[in-house]
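K.L.:
Give me the fold of what follows.
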Amino acid sequence: MRVLLDTNILILRENYHIIPDNVAKLMSLLNGLDTCSIHVHPLSVAEIKKDKNIERQTINSKKISSYAILEDYPNYKDDSIFIKKIGDIQEPNDDVDNQLLYCAYRNITDYFITEDQALLNKADLLGLETVVSINEAITIFEQFYPKTDITLIHSFIKDKAYKFDLNDDIFDSLKTEYEEFPNWWKKVANREVYAYKSDEGKINALLIPKIETYEIVDCNPTLKFDKVLKICLFKVASQAQGLKLGERLLKIAFDYAILNNIENIYLTHFCKKKDYLIYLIEKFGFYKYGENTRGEGVFVKRIIKSTTENNTDISYLNKRYYPSFYSDSNISKHIVPIQPVFHKKLFSDYIPTSRQMSIFRDTPSESNSIKKAYICNANTTKIKPNDILLFYRTHDIMSITTLGIVESVYYKQNNPDEIMKLIAKRTVFSFEDISKLCNSDVLVILFNQNFHLKNDFSYEELCKNGIINGPIQTITEIKNEDFKKIITGNIDERFIIN
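P.N.:
Numbers count the residues shown, from 1 in each chain. Predicted coordinates for the structure are as follows:
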């Protein structure tokens, strides 16, 4: 990507003792892009050399020599159509400006950045969207950087790779399995790393995502993507097995893909017998596509349903394309009331949109999981696998906050030991909580957490839209058209399969 800087940008960048903030930010963005080359026009160099202040002219000439010179460029004076569109020369320096503008007009450069309003006006007349001001350029080039501002639960952090101690125990097996790992770690020193640290400071889990474009993956059979999220590193320390950190790392990866508008994800892995990682990722729709030249399995996943998908099994679709979910008029939808204390534990990555609330710090391992359990004494037998659950937080928020999909359901349970066996790996309910509920029949729902709503759907909105007509005290089935009212604008339609 070739970016041409106007003379006025060069002067702002090179001639000020204190560089304006927006210029500094722009240059930082441009310099941080591997695919970007910054160019200056020979006529801009000539203009700077006209400076009668010899000392300043000499200094600025040396400074701009670090930029690539646009060696070959067409002459606008040979293009009568262009000249007719921009009009006659009004000022002495219009000739230079027109030559620079013509480079953008002829696609010699991908972007032309200028603070000259007359040039920007001419670009508008020409319909050139690639001629931009500094602040417009900042907005544009920020989009070339991956968005990393994912909601993280307590104990998860985001930091640069170089800030992690390579002597931490979590790296031992990586250094053994991959001889080149220490050198690779140095190469990715400036990459964002998502990590979980114990209270003692030990690293218990690591994730490094990377966005790749027009990638031909080392794989047999052939595998290529226009844009894909590669999970470069996915690691849970042996001492942290069972804390559901693997599920949380996958959730971060899915959120990262969604945030950056990416539909495909892949990772490579040396497969072993009784391989926990393979078991984990296959539960969420990854499948082995092939192998690379190193002998690693190449595992692929889509988070939006493929247009070529022919399988119509709803359970399969919900798993293969998670967090996408199947919904049509035949799928039942239920509002599920949940007390704040359990909502905080179950959905620890939830951030209220309706009001400011303190962050919940006591995060149980089950909060890390995607697969969760909910129990109550609701007197209903209408819930089925693949039904949609809309969790309504009572008392404080009094809003629908979260959407989940039923995996399995167990009715009329009344033995706390048996209930605990059903939900032990995914519950935030204590044995005491379960025992109290067992005074009457207990409903056990195992489900996947799919999305938090972009905006909480409040009790007032539920009443106003005629979805309910009074307090929500038990699980309540709602109509499909009412479900659509709740999710419109709050769940991206791309993730709804029908």
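K.L.:
Residue 289: how many residues sit nearby?
P.N.:
By the criterion of other C-beta atoms under 10 Å, residue 289 has 17 neighbours. The C-beta positions use only the backbone N, C-alpha and C, and glycine is treated the same way.
K.L.:
got the contact list for it?
P.N.:
Counting by C-beta atoms under 8 Å, 6 or more residues apart in numbering, residue 289 makes contact with 219, 221, 223, 266, 298, 299, 300.
K.L.:
could you check the distance from the third one over to residue 86?
P.N.:
For residue 223, the distance to residue 86 under the criterion C-beta to C-beta, to the nearest Å works out to 48 Å.
K.L.:
Repeat that for the last one.
P.N.:
Applying C-beta to C-beta, the value for residue 300 to residue 86 is 50 Å.
K.L.:
swap in residue 323?
P.N.:
50 Å.
K.L.:
Out of those two, name the residue with the larger neighbour count.
P.N.:
Taking other C-beta under 10 Å, residue 323 and residue 86 do not tie; residue 323 has more neighbours (23 against 20).
K.L.:
Mind telling me what element the more buried one is part of?
P.N.:
Assigning secondary structure by DSSP states H and E places residue 323 outside every helix and strand.
K.L.:
State the distance from residue 406 to residue 77.
P.N.:
Distance, residue 406 to residue 77, using C-beta to C-beta: 71 Å.
K.L.:
same question, residue 208
P.N.:
Residue 208 is 52 Å from residue 77, by C-beta to C-beta.
K.L.:
Neighbour count: the two, which is higher?
P.N.:
Ranked by neighbour count (other C-beta under 10 Å), residue 208 and residue 77 place residue 208 first, with 19 against 12.
K.L.:
Check which helices and strands the particular helix or strand that has the more buried one in it is in contact with.
P.N.:
Taking DSSP H and E as the definition, residue 208 sits inside strand 203-217. Here strand 203-217 touches strand 192-197, strand 223-236, helix 245-259, going by 3 or more C-beta pairs under 8 Å, 6 or more residues apart in numbering; DSSP states H and E.
K.L.:
swap the cut-off to 10 Å and go again
P.N.:
Under the contact criterion of 3 or more C-beta pairs under 10 Å, 6 or more residues apart in numbering; DSSP states H and E, strand 203-217 touches strand 156-160, strand 192-197, strand 223-236, helix 245-259, strand 264-269.
K.L.:
Could you export those to CSV, including columns for mean pLDDT?
P.N.:
Shown next, in CSV, are the helices and strands packed on strand 203-217 (pLDDT from 0 to 100):
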stretch, mean pLDDT
strand 156-160, 90
strand 192-197, 92
strand 223-236, 96
helix 245-259, 94
strand 264-269, 97
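K.L.:
Quick one, which of the ones you listed gets closest to residue 456.
P.N.:
Closest to residue 456 of the helices and strands packed on strand 203-217, according to C-beta to C-beta: helix 245-259, at 18.5 Å.
K.L.:
re earlier: mind listing what's buried along the strand holding residue 208?
P.N.:
203, 204, 205, 206, 207, 208, 209, 210, 211, 212, 215, 217 (16 or more other C-beta atoms under 10 Å).
K.L.:
need these in TSV with pLDDT and distance to residue 381, can you?
P.N.:
Shown next, in TSV, are the buried residues of strand 203-217 (pLDDT from 0 to 100; distance: C-beta to C-beta, whole Å):
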residue	pLDDT	distance to residue 381
203	93	46
204	90	41
205	94	39
206	96	44
207	97	41
208	97	46
209	96	42
210	96	47
211	95	46
212	95	48
215	90	49
217	96	48
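K.L.:
which one of the residues you listed is nearest residue 251?
P.N.:
Closest approach to residue 251 among the buried residues of strand 203-217 (C-beta to C-beta): residue 207, at 10.0 Å.
K.L.:
Helix or strand for residue 403, just tell me which one.
P.N.:
For residue 403, the element it lies in under DSSP H and E is strand 399-413.
K.L.:
typo on my end, it should be residue 140
P.N.:
Residue 140 is located in helix 134-142, with elements delineated by DSSP H and E.
K.L.:
Of all residues in this protein, which one is nearest the centre?
P.N.:
With distances taken as C-alpha atoms, centre = their mean, the residue of the chain nearest its centroid is residue 256 (2.3 Å).
K.L.:
Residue 479 versus the closest residue to that one other than its chain neighbours, what's the distance?
P.N.:
Counting by C-beta to C-beta, 6 or more residues apart in numbering, residue 209 is the residue found nearest to residue 256 once chain neighbours are left out, at 4.9 Å. The gap separating residue 209 from residue 479 is 39 Å, by C-beta to C-beta.
K.L.:
cool, and residue 325?
P.N.:
As judged by C-beta to C-beta, residue 325 and residue 479 stand 18 Å apart.
K.L.:
Pick out whichever of those two has more residues nearby.
P.N.:
residue 325 (23 against 13).
K.L.:
ok, and the closest non-adjacent residue to that one?
P.N.:
Spatial nearest neighbour of residue 325, chain neighbours left out: residue 405 (5.0 Å); criterion: C-beta to C-beta, 6+ apart.
K.L.:
Just confirm the one you found contacts residue 383, I think it does.
P.N.:
No: using C-beta atoms under 10 Å, residue 405 makes no contact with residue 383, being 11.3 Å away.
K.L.:
In terms of packing, which of those two has more residues around it?
P.N.:
When neighbours are counted by other C-beta under 10 Å, residue 405 and residue 383 differ, and residue 405 comes out ahead with 24 against 20.
K.L.:
which ones are touching that one?
P.N.:
Residue 405 is in contact with 314-315, 318-319, 322-327, 331, 385-389, 447-450, counting by C-beta atoms under 10 Å, 6 or more residues apart in numbering.
K.L.:
go with 6 Å
P.N.:
Taking C-beta atoms under 6 Å, 6 or more residues apart in numbering as the contact definition, residue 405 lies against 318, 325, 448, 450.
K.L.:
Name the nearest of the residues you listed relative to residue 340.
P.N.:
Using C-beta to C-beta, residue 450 is the member of these that lies nearest residue 340, at 20.9 Å.
K.L.:
which SS state does that closest one fall under?
P.N.:
Under DSSP: H, G, I helix; E, B strand; the rest coil, the three-state class of residue 450 is strand.
K.L.:
How about it: what's its closest non-neighbour residue?
P.N.:
residue 323 (4.5 Å).
K.L.:
pLDDT-wise, which helix or strand of the protein ranks last?
P.N.:
Across the helices and strands of the chain, mean confidence by mean pLDDT, DSSP states H and E is lowest for helix 7-15: a mean of 67.
K.L.:
Show me what secondary structure element comes after that helix.
P.N.:
Once the chain leaves helix 7-15, the next helix or strand it forms, by DSSP H and E, is helix 21-31.
K.L.:
Okay, the residue nearest to the centre of the chain and residue 38: tell me how far apart.
P.N.:
Separation of residue 256 from residue 38 (C-beta to C-beta): 29 Å.
K.L.:
now do residue 486
P.N.:
Using C-beta to C-beta, residue 486 is found at 48 Å from residue 38.
K.L.:
before we move on, what about residue 421?
P.N.:
63 Å.
K.L.:
so where do the helices sit in the stretch 301-450 of the chain?
P.N.:
Using DSSP state H, counting those that start in this stretch, the helices assigned to the stretch 301-450 of the chain run over residues 314-320, 340-346, 416-423, 431-437.
K.L.:
burial measure for residue 463, as a count.
P.N.:
Other residues near residue 463 come to 13 when the count uses other C-beta under 10 Å.
K.L.:
Assign it to helix, strand or coil.
P.N.:
When classified by three-state DSSP, residue 463 comes out as helix.
K.L.:
neighbours around the nearest residue to it once chain neighbours are set aside, how many?
P.N.:
Spatial nearest neighbour of residue 463, excluding adjacent residues (C-beta to C-beta, 6+ apart): residue 469 at 7.1 Å. Using other C-beta under 10 Å, residue 469 has 7 other residues around it.
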